[in-house]
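S.K.: I need the structure of the sequence given here:
(chains A and B, ligands or ions: 2)
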Amino acid sequence: MRMLRFILKKEFRQIFRDKTILAMMLVMPTVQLIILPLAMNFDVKNVNVAVVDNDHSSWSQQLINKIGASGYFRIVAAAPSFREALEYIEREQADVVLEIPPGFERNLVREGEQHIGVSVDAINGTKAALGGSYLLTVIADFNQHIRLNERGKPVPGKGVNIGITYSNWYNPLAEYRFYVVPAVMVLLLTLIAGFLSALNIVREKEMGTIEQINVTPIKKWQFILGKLIPFWVVGMVVFTLALTVERVVYGIWPVGSFALLYLFAAVYLVALLGFGLLVSTYTDSQLQAMFVAFFFVMIFMLMSGLFTAVDSMPGWAQDIAALTPVTHFVKVVRMIVLKGSTFADVQKEFLYLVAFAVVLNSWAIWNYRKTS
Amino acid sequence: MNDKVIVCEELTKQFGDFVAVNHISFDVRKGEIFGFLGANGAGKTTAMRILCGLSYPTSGKATVAGFDVYKQQESIKKNIGYMSQKFSLYENLTVVENIEFFGGVYGLSSAEIRRRSDRLVNKLGLAPEAKKLVGSLPLGWKQKLAFSVAIFHDPQIVFLDEPTGGVDPITRRQFWDMIYEAAAAGITVFVTTHYMDEAEYCNRITVMVDGKVEALDTPGNLKARFRAASMDEVFYQLARGAKRSAD
Ligand SMILES: Nc1ncnc2c1ncn2[C@@H]1O[C@H](COP(=O)(O)OP(=O)(O)OP(=O)(O)O)[C@@H](O)[C@H]1O
Ligand SMILES: [Mg+2]
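M.R.: Numbering: from 1, shown residues only, chains lettered A, B, ... in the order given. Ligands and ions are numbered 1, 2, ... in the order given. Next comes the predicted model:
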C-alpha cells in the first residue's frame, strides 16, 4: 500500500505537469459536448417533396396542404407524372416523391382504404428516410381525420387542424437531443479513458523508463493500479463536467438516481481503462497503441447503439455488440437519464460491466511482463 | 574470498537463430569492481539484463545475490540497482521527485528518503537544480543522478551499463570517484564500458567477443599475458577478429 502511494504520487505529478494534456482532458470534453450534438443533428427539416397529384380532388389538395403546413416539408414541385417527379430527385431538388393515385378521394370515401406511393431518394439516406417516415405519419394522421369526419359530420371541405396531435407523438427535435447528448457524453468518456490509458504504459516503453520500473521490486498489480487510479479520477471529473454541460446547455437532468449513474460510470471507467492498459501491454510504440486502440474503439462506437439501434442489427452484430462494454453503458445511461430506471432494471448490465472490468484488468496485469 | 555474489555458468541467450550471449561463465566476488568489455553488439547489455532479472536466459545457469535468474527475479530485484544504457529516469519529474519515487518503490520510509535525498543533492552539487526537471539537466549530471538513484537504496550489487557513454573526461573522472566510493561502502559494481582507461580502474575484467567471454583476469595479468602496454592493446588483440562489426 505504501508503495502504491509513491506510484500514485508520481503518476499524478506527471499528469498535472503536462499542461497540454491536462487542458485537453478537461476542455475537450466540455467543448465537444457543446459542439458535437449540434453537428450530429439528426433532426430533419425542409424535406423537399415533389407531388404527383393524379386525383386533383379536394381531398388530395387538403392532404398536400396539410403536408406543406406541417413545418417539415417544402413542396418543391407539383409534377404531372411520376417520371417527371423523379427528375426532381435526380436533379437533387427533391428528397421524396409523393404520388397520389387517381380515384384517391373516391376510394377513401367508398372503401376507406387507399394506397399512396411514397418514393424516397436513397442517396441522402438519413434525410430522405426520416422525411419519408414523417410523411407517412402525416398521412396516417390525415387518414384518421378523414375517418372521423366521415363518421361524424361529413364535412370534408373544412380545414383540419394539423400539427398538434402528431407533434405530440413525434417530436423530432426533443427526441434527438435526449437521444444524442447522453450518447456524446459516453463517447467522450470512452475516447478519453480508452486512449489516455492505451498510450500511457507504451509511452514508458518508448522513453525507456519502463526498464527502470521493471528492475524494481514493484508488483505488477501495483504498477497497473498505479496507472488506473489517476485516469479513473480524471474520468470521473470529466463525467461530472459532462453532466454539468448537459444540464446547463441542454437542460437534461437525469430522471433516475445520481448515485446509480455514478456507480455505473465508476465501473465502466475501470473496464475501459483496463482495455486501454491491455492494449498498452501488447504494443511497443505509441503509434501502434493508437492504431490498435482506434480499431477497437471504432468497433465499440459503431456497434454500441450510440447512434444506431442495436435491436435492428443482424444477429451476429448483436452478439458482437453484447461483447463491448460501451453497449451496456450507453443503454444504462439512457435508461437512467431518460427513463429513471432503478438498479433492479439495470442489474444485468451492472454484472456485465463488472465482469468486463475484472477480465480486462486481470488480463492487463497478466500480460504485463517484468521479465521478457 | 569465496563470497561470490554473481555466479554464471554456460549462460546463453538466443534471439531466434542468433546467439547473442554464447555459453558465458564467470563469477563476481563481493565488493569488487567487475568490468565487462566488448565491442558494440558483443552481448554485454543482453547478459546484464538477464542478471538483472529483466530477461529470461535460453539456457545455462546463473544466480545473483544467491537468487536464481529463472525463478527468483523479483528477489534479485530487491537486492540490486541498475542503471541502463539508455537514460531512464523520468525527464518530466524533478531531481527530487525522481529520487523520492525510486526510494519509495524500494521501500524506504518518507523520512529516510528526505534525509538521504538532501544529502545526495548536496553531494552532487545539485541543490540549485533540485526542483528542476531532470530533462533540462546536462548529460553528465543526468548520468551521475541515474547512478545515485541506482544505489540510493543501498543494494548489494549495482549494474552499470555504459554509465559514462558520451560524458566529458572530467565528469568521467568524477563518476569513477563515485563508483569507488560505492565499492568502498561494500556495493559490488558490475560495469560495462568502451573506454579502455576505465578498464584499468576495474579489479577484474571480462572481454566479450561475439557473445563469448574471451578473457577474464585483472588488468595487470591481462596486459602481461598479451604482452601489451595498455588495455587498449589487449582489447585490440582480442576483438579484432570479431564478426559483429561496430555498425
Ligand atoms: N531483443 C532482441 N532481439 C533480437 N536481437 C537482439 C535483441 N537484443 C539484442 N539483440 C542483438 O544481440 C546482440 C547483442 O546486443 P547487446 O545489446 O547485448 O550488445 P552490447 O554488447 O550491449 O552492445 P553495445 O556496446 O552496442 O551496447 C546485438 O547484435 C543485438 O542486435
Ligand atoms: Mg549495450
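S.K.: quick one: pLDDT of the nearest residue to residue B:30 once chain neighbours are set aside?
M.R.: Using C-beta to C-beta, 6 or more residues apart in numbering or on different chains and skipping residues adjacent in sequence, the residue nearest residue B:30 is residue B:3, 4.1 Å away. Placement of C-beta: from N, CA and C, glycine included. Looking at residue B:3, its pLDDT stands at 84.
S.K.: Can you give me the neighbour number for residue B:3?
M.R.: 9 (other C-beta atoms under 10 Å in any protein chain shown).
S.K.: ok, it - contacts?
M.R.: B:29, B:30, B:31 (C-beta atoms under 8 Å, 6 or more residues apart in numbering or on different chains).
S.K.: where does the nearest residue to residue A:345 once chain neighbours are set aside land in three-state SS?
M.R.: Among residues not flanking residue A:345 along the chain, residue A:335 sits closest, at 6.4 Å (C-beta to C-beta, 6+ apart). Of the three states, residue A:335 takes helix under DSSP: H, G, I helix; E, B strand; the rest coil.
S.K.: tell me which of the contacts of residue B:3 is nearest to residue A:276?
M.R.: Checking the contacts of residue B:3 against residue A:276 by C-beta to C-beta gives residue B:30 as the nearest, at 44.7 Å.
S.K.: Residue A:209 and residue B:90 touch, don't they?
M.R.: Yes: the pair residue A:209 / residue B:90 is scored as a contact, 5.8 Å apart, by C-beta atoms under 8 Å.
S.K.: Give me the phi and psi for residue B:175.
M.R.: phi -60, psi -40 (degrees, to the nearest 10).
S.K.: nearest residue to it other than its sequence neighbours?
M.R.: Using C-beta to C-beta, 6+ apart, the closest residue to residue B:175 is residue B:164 (5.4 Å).
S.K.: distance of that neighbour from residue B:49?
M.R.: Counting by C-beta to C-beta, to the nearest Å, the separation of residue B:164 from residue B:49 is 19 Å.
S.K.: likewise residue B:17?
M.R.: Residue B:17 is 20 Å from residue B:49, by C-beta to C-beta.
S.K.: For chain A, spot the helix or strand the model is least confident about on average.
M.R.: The helix or strand of chain A with the poorest confidence is helix A:164-169; it has a mean of 30 (mean pLDDT, DSSP states H and E).
S.K.: swap that for chain B, sorry
M.R.: Going by mean pLDDT, DSSP H and E, chain B bottoms out at helix B:231-239, a mean of 82.
S.K.: quick one on the thing from earlier: okay, residue B:17 and residue B:49: which has more neighbours?
M.R.: residue B:49 (25 against 5).
S.K.: check which helix or strand covers the residue nearest to residue B:175.
M.R.: Under DSSP states H and E, no helix or strand contains residue B:164.
S.K.: Tally up the residues packed near the residue of chain B found nearest chain A, please.
M.R.: As assessed by C-beta to the nearest C-beta, chain A sits closest to residue B:104 within chain B, at 2.9 Å. Using other C-beta under 10 Å, the number of residues around residue B:104 comes to 23.
S.K.: element containing residue A:106, please.
M.R.: Using DSSP H and E, residue A:106 falls in helix A:104-111.
S.K.: again with residue A:265
M.R.: Short version, using DSSP H and E: residue A:265 is in helix A:258-282.
S.K.: do that helix and chain B meet?
M.R.: No: using C-beta under 8 Å from any C-beta of the partner chain, helix A:258-282 stays clear of chain B, coming no nearer than 15.8 Å.
S.K.: Can you list the buried residues in that helix?
M.R.: Residues of helix A:258-282 classed as buried: A:260-261, A:263-282 (neighbour count, 16 or more other C-beta atoms under 10 Å in any protein chain shown).
S.K.: With stretch A:327-341 instead?
M.R.: A:327, A:328, A:329, A:330, A:331, A:332, A:333, A:334, A:335, A:336, A:337, A:341.
S.K.: Now do the same for it: mean pLDDT, whole number.
M.R.: Rounded mean pLDDT across stretch A:327-341 is 87.
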